[in-house]
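S.K.: let me see the structure of the following:
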Amino acid sequence: MSASRPIDYSSAQIALHWLIAALVLFQLIFGESMKEVIDAAEEGKAMSATDAALGNAHYWVGIAVLALVALRLALRIARGAPAPIGEGILTRVAAGTHHLFYVLLVLAPVTGLLGFYVGEPWGDLHEIFKPIFIILIVLHAAGALFHAFWLHDGTLRRMLVPQRS
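M.R.: Down below sits the predicted model:
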């Protein structure tokens, strides 16, 4: 990381955050079609055009998530991230949540690809990540709203407004 921490996130960091969030939401909502595609292929049955299209989208969106997360991590290493506002247990919970997000954002696409090309147990492991992601997203959003509407400390604003000059 850089010697001095930035005050806010850059435009690129903010854009990557929200783009990855949108892609993960797409995966969570439409990802079940991939299971239908794999089940149909294993059973030698025809699949619906919708499941085929959404399964294909799930595959490519997963690869996009993996590539964008790699870019986001590289940018974070090169540029750094602002220091947390506040201290104590909430700061440690937030840090742990962010670290777990990064781990899952890498492991979910990797295990998805392994499940697709290699098979079990990777596919089963990949499916476990969905409820974990949902819990983390709820926790993350609740934390952001808590900071915005209870603490009024500007934490959420940093992920909405690019770095000041």
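S.K.: for the nearest residue in space to L66 that is not next to it in sequence, list the residues it contacts.
M.R.: Using C-beta to C-beta, 6 or more residues apart in numbering and skipping the chain neighbours, the partner closest in space to L66 is P109 (3.9 Å). Just so you know, the C-beta spots here come from the backbone N, C-alpha and C atoms, and that holds for glycine as well. Neighbouring residues of P109 by C-beta atoms under 8 Å, 6 or more residues apart in numbering: G62, I63, V65, L66.
S.K.: same thing with D153?
M.R.: Counting by C-beta under 8 Å, 6+ apart, D153 makes contact with I85, G86, H147.
S.K.: quick one: which of those has the most company?
M.R.: Highest neighbour count within these, by other C-beta atoms under 10 Å: H147, with 20 neighbours.
S.K.: and it, how close does it get to T91?
M.R.: H147 sits at a distance of 11 Å from T91 (criterion: C-beta to C-beta, to the nearest Å).
S.K.: which residues of the protein score low on pLDDT?
M.R.: 1-3, 163-165 (pLDDT under 70).
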